[in-house]
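Predicted structure and sequence below. I'll ask about it afterward.
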Amino acid sequence: MNTKNNSGFTIIEVITVLIVMGIITAFAVGRVADNKPELIAQKEVLKVHLRYAQSRSMNSNDNYGIISSGNTYSLFRASAAFLVNFPGEQLNYIDLSALGLSLSIITDGNIVCFDSKGIPYIDFDTSIADNLQDGDRTLTLSSGTDSESITITPNTGFIQ
């Protein structure tokens with residue numbers, strides 16, 4: 001009696017499975033290495049934080065703004081000269097390095113402050129005319145070679 005052993009896999013089946021696994025792995029590794037979605041999301045969060053500072057300034061008797069220090073940024077209240085927590089945050093700063101991101105403000109230092117009309121300034125003291133933002137101001141979030149920019153328009157304080 002001839003018995004044929006049909007257990008196991010053929011070499012064709014093994015090669016096919018390895019090829020499919022290789023393709024799936026290539027997509028997964030490429031997706032994990034891409035920090036672009038996180039960069040875009042954090043850009044939107046920063047825009048919301050800037051608008052929050054602007055709104056607080058317009059709805060109070062005090063000026064609020066954002067101060068950047070390397071890979072962190074904070075909300076500040078100008079008259080009391082202290083940092084304030086963003087809504088829902090436990091700390092008085094946002095740490096971008098934990099997300100693999102960095103923030104740079106291209107022109108006029110590391111402070112964006114708003115007055116009671118929502119007009120942007122480059123320093124805490126909004127009573128000094130020289131501190132008025134005189135041109136578009138760019139904040140750049142970076143992750144490796146990728147970057148996203150936020151522009152603050154002078155006089156109107158429009159954030160885009």
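Thanks, I have it.

Mind telling me what element the residue most central in space within the chain is part of?
Centroid check for the chain by C-alpha atoms, centre = their mean gives Gln42 as the closest residue, at 2.9 Å. Assigning secondary structure by DSSP states H and E places Gln42 in helix 36-58.

Could you name the helices and strands sitting against that helix?
In terms of contacts (3 or more C-beta pairs under 8 Å, 6 or more residues apart in numbering; DSSP states H and E), helix 36-58 is packed against strand 64-69, strand 72-77, strand 111-114, strand 137-143, strand 146-152. C-beta here means a position set from N, CA and C on the backbone, and glycine is covered the same way.

And those: which comes nearest Phe27?
Among the helices and strands packed on helix 36-58, the nearest to Phe27 by C-beta to C-beta is strand 146-152 (19.0 Å).

next one: that closest one to chain centre, how far?
9 Å (C-alpha atoms, centre = their mean, to the nearest Å).

same thing with stretch 87-104?
Worked out by C-alpha atoms, centre = their mean, stretch 87-104 lies 8 Å from the chain centre.

Now do the buried residues in that stretch.
Neighbour counts over stretch 87-104 (16 or more other C-beta atoms under 10 Å) mark Tyr93, Ile94, Leu96, Leu99, Leu101, Ser102, Leu103 as buried.
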